[in-house]
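Peer 1: need a 3D model of the following:
(2 chains)
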Amino acid sequence: MKRFVNCRFSPESGRCRRMTVAVLVGLLPAFAAASWPDDVQVHGFATQGYVNTSDNKFFGDTEDGSFEFTELGINLSYRATPSLLFSGQLLSRRAGEMYDGSPTVDFALVDWGLAGDEHHSYGIMLGRLKNPLGLYNDTRDVAFTRPSIFLPQEIYFDTVRNLVLSADGVQVYANAFTDAGTWSFKAGAGRNTIDKNVEINYLGFDFGGDIEPAGLAFVARTEFETNDSRWRAALSAAHAKLEFDAAPTDPIGSGEVEFLYWIASLQYSAEHWSITAEYMEEPIEFRDFGPLIDNRDSTVQGYYLQGSYLLRSDLELVARYGEGFASKHDRNGSQQSAATFGVAPPHVFYQKDFMIGLRWDVTPNFMLRAEQQWNEGTWTLSRRENPLPYLHEKDWTMFSLLASYRF
Amino acid sequence: MLAVLLLLRVPVCLADQVLIANLGVQSDGLSVNNSRLIFSMQIASWPTGESVRVFVLPDDHPTHRSFTKDLLGLFPRQLRRVWDRQLYTGTGQAPEQVESEEAMRHAVANTPGAIGYLPREMIDETVRELQIQP
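Peer 2: Just a heads-up that it's a prediction; the model follows:
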């Protein structure tokens, strides 16, 4: 435990990171092999990626090929009674310059089912809870649950993942099991976990001051799934305010960022193929920073269409087209570029991409993936990894490989 | 390649699958929806209050495939998706996996509150057969 604490205070320390990762990996087989009581379950996963981009950086120095994408998780749950579940997951995630692999508590909660039978169930959860957003947010770091190596960045931007990933607070849920299907509703309030990536994404730079959540963040999702699991539709939203406390040396004043992030999702799964579409908007408002930032109010927009086809029971082909815009009222980025006097070219304010990939389930617990993506624009790239917008290459490609094991 | 694809598309004559439970379970049958809810780990207890213990064969086992498809009307990957969603958000547990039909019969026979499935010819007096009501 002491080691984890040390790492929190020196997150850039490579030695510390390697040690903690080694500790986590070392623990996996021991956990798996241990004999646990019947109501305790231990699961985990280990994922390693390789990314090679023609230009720009995505999770490391990818122009030369990079292995700086690693996800390790270990998950423990204990069903104390049929209505009381305790669970937690420890996650180590290495993603280029953005995440260094220091272990974090992904979730740690108690789920108390207040009532449940074959017609309905409802309950309350307390602790660090994953935010139910879209189809993929709450399990976004588990490669087996993703439709591709990376989630569609137009909606699940990795640059601010921590902001929408989880919150420390409370969630209530209700499910109605009908003859047509299951209606699920979840709503929560809590404090979001903020990091440097959030500040860089919203303010454009890692300033001397600090960014903190202002008050509670709210999240809710309504979902319907037919009994044969073929159709799935969901509407979800999160609302949060962030407070920036400027340092004396900062060129901008203290201020507030407020945003609403909502996603509409629809999926159809047949035996051998599936089609998925999601649409997202995120109106953002900046207040009290001064003119440099305040006039950046915009509505972020993103959407994608994805199809998958099973070539064989263990071989899946996936293809996706997506578009995302920093402002839906300036989709070609020209006004936003002009506002920077051309320092940031228009193509840093949008992205359009097409990907095609193959997933091979070597065994039910071991999977390999290969993907190729063609991009126009660099809007989803991290400014932390690509700090100088005028150096962003407009047209770029990305090739990636991934291996993932779970138990 | 074509030959392999053709081979995989040939319908296989599968044995008929039966829902089974531990002898102590006070139930003779379940609706299809109720069975789906139990196997998707969304109902954790029997009407008597006893915990449900769900046993399954591996995703790629022919008996598992035919059970999920013919009796539950689901595909194994859909079931797996539901389990993963609950497991990796901390809101549920995965069913217990057994590696063979013999292990399935043994586990269900010896675990109070257990539910599982087997080909009809594997059923013996150590487990209770549950009817699926439409």
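
Peer 1: and B:Gly73, how far from B:Arg36?
Peer 2: Per Cβ to Cβ, to the nearest Å, B:Gly73 is found 8 Å from B:Arg36. Glycine gets a C-beta too; all of them are placed from N, C-alpha and C.

Peer 1: shared neighbours of those two, anything?
Peer 2: The contact sets of B:Gly73 and B:Arg36 overlap at A:Asn227 (Cβ atoms under 8 Å, 6 or more residues apart in numbering or on different chains).

Peer 1: show the contacting residues for residue 116.
Peer 2: Going with chain A. Shown in contact with A:Gly116 (Cβ under 8 Å, 6+ apart): A:Ser83, A:Tyr122, A:Gly123, B:Ile43, B:Ala44, B:Ser45.

Peer 1: not quite, I wanted chain B
Peer 2: So B:Gly116 contacts B:Leu19, B:Ile20, B:Ala21, B:Val54, B:Phe55, B:Val56, B:Val98, B:Met104, B:Arg105, B:Ala107, B:Val108, B:Val127 (Cβ under 8 Å, 6+ apart).

Peer 1: swap the cut-off to 7 Å and go again
Peer 2: Counting by Cβ atoms under 7 Å, 6 or more residues apart in numbering or on different chains, B:Gly116 makes contact with B:Ile20, B:Phe55, B:Met104, B:Ala107, B:Val108.

Peer 1: tell me the two of those residues that are most distant?
Peer 2: Across the contacts of B:Gly116, the longest distance by Cβ to Cβ is 10.4 Å; it joins B:Ile20 and B:Ala107.

Peer 1: so between these two, which is more surrounded?
Peer 2: Of the pair B:Ile20 and B:Ala107, B:Ile20 is the one with more neighbours under other Cβ atoms under 10 Å in any protein chain shown, namely 24 against 18.

Peer 1: which strands or helices does the helix or strand where that one lies pack on?
Peer 2: Using DSSP states H and E, the element containing B:Ile20 is strand B:17-21. Counting contacts by 3 or more Cβ pairs under 7 Å, 6 or more residues apart in numbering or on different chains; DSSP states H and E, strand B:17-21 is packed against strand B:114-119, strand B:128-133.

Peer 1: can I get those in CSV including mean pLDDT?
Peer 2: Putting these into CSV (pLDDT from 0 to 100) gives the following:
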stretch, mean pLDDT
strand B:114-119, 96
strand B:128-133, 89
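
Peer 1: which of the ones you listed sits closest to A:Glu285?
Peer 2: Closest approach to A:Glu285 among the helices and strands packed on strand B:17-21 (Cβ to Cβ): strand B:114-119, 52.0 Å.

Peer 1: any idea how far A:Pro291 is from A:Gly253?
Peer 2: 10 Å.

Peer 1: okay, these two: which has more neighbours?
Peer 2: Using other Cβ under 10 Å as the criterion, A:Pro291 and A:Gly253 rank with A:Gly253 on top: 14 against 8.

Peer 1: and the pLDDT for the residue lying closest to the more buried one once chain neighbours are set aside?
Peer 2: Counting by Cβ to Cβ, 6 or more residues apart in numbering or on different chains, A:Gly253 lies nearest to A:Gly290, which is 4.7 Å off, once chain neighbours are set aside. Confidence at A:Gly290, expressed as pLDDT, is 80.

Peer 1: A:Gly290 against A:Ile252, yeah?
Peer 2: Yes: assessed by Cβ atoms under 7 Å, A:Gly290 is found in contact with A:Ile252 at 5.7 Å.

Peer 1: what bridges to the closest residue to A:Gly169 other than its chain neighbours?
Peer 2: Nearest residue to A:Gly169 in three dimensions, chain neighbours excluded: A:Gly190, at 2.1 Å (Cβ to Cβ, 6+ apart). Beta-bridge pairing for A:Gly190 (DSSP bridges): A:Gly169, A:Ala217.

Peer 1: A:Gly190 and chain B: what is the separation?
Peer 2: 14 Å (Cβ to the nearest Cβ, to the nearest Å).

Peer 1: now do the contacts for that residue.
Peer 2: Applying Cβ under 7 Å, 6+ apart to A:Gly190 gives the contacts A:Leu129, A:Ala167, A:Asp168, A:Gly169, A:Val170, A:Leu216, A:Ala217.

Peer 1: pLDDT wise, what is it at?
Peer 2: Predicted confidence (pLDDT) for A:Gly190: 95.

Peer 1: can you map out the helices along chain B?
Peer 2: Per DSSP state H, chain B carries helices over the ranges B:2-9, B:32-39, B:62-66, B:76-87, B:101-110.

Peer 1: cool, the stretch 201-350 of chain A as well?
Peer 2: All helices of the stretch 201-350 of chain A, identified by DSSP state H, counting those that start in this stretch, fall at A:291-294, A:334-339.

Peer 1: Throw the ones you listed into TSV and include distance to chain B, thanks.
Peer 2: Formatted as TSV, those follow (distance: least, Cβ to the nearest Cβ, whole Å):
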stretch	distance to chain B
helix A:291-294	35
helix A:334-339	36
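
Peer 1: how about these in CSV, adding distance to A:Glu63?
Peer 2: CSV is the format used below for these (distance: least, Cβ to Cβ, whole Å):
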stretch, distance to A:Glu63
helix A:291-294, 31
helix A:334-339, 24
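
Peer 1: closest residue of the stretch 151-300 of chain A to chain B?
Peer 2: In the stretch 151-300 of chain A, the residue that lies nearest chain B is A:Ser229 (4.0 Å; Cβ to the nearest Cβ).

Peer 1: contacts only, for that residue.
Peer 2: When contacts are counted by Cβ under 7 Å, 6+ apart, A:Ser229 touches A:Ser269, B:Leu74, B:Gln78.

Peer 1: could I get those residues as TSV with distance to A:Ser148, pLDDT and neighbour count?
Peer 2: Shown next, in TSV, are those (distance: Cβ to Cβ, whole Å; pLDDT from 0 to 100; neighbours: other Cβ atoms under 10 Å in any protein chain shown):
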residue	distance to A:Ser148	pLDDT	neighbour count
A:Ser269	16	94	19
B:Leu74	23	91	21
B:Gln78	18	90	21
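
Peer 1: of these, closest to A:Tyr309?
Peer 2: Using Cβ to Cβ, A:Ser269 comes nearest to A:Tyr309 of the contacts of A:Ser229, at 11.5 Å.

Peer 1: coming back round to it: lowest average pLDDT across the helices of the stretch 201-350 of chain A?
Peer 2: Minimum mean pLDDT among these: helix A:291-294, a mean of 75.

Peer 1: and it, what does it pack onto?
Peer 2: strand A:273-287.

Peer 1: what strands flank the strand it packs on, and is each parallel or antiparallel?
Peer 2: Note on strand A:273-287: by DSSP bridges, its sheet partners are strand A:255-269 (antiparallel), strand A:298-312 (antiparallel).

Peer 1: the inter-axis angle of the helix or strand containing A:Thr397 versus helix B:76-87?
Peer 2: Following DSSP H and E, one finds A:Thr397 within strand A:395-406. Using axes from the mean of the first three to the mean of the last three Cα atoms, to 10 degrees, the inter-axis angle of strand A:395-406 relative to helix B:76-87 is 80 degrees.
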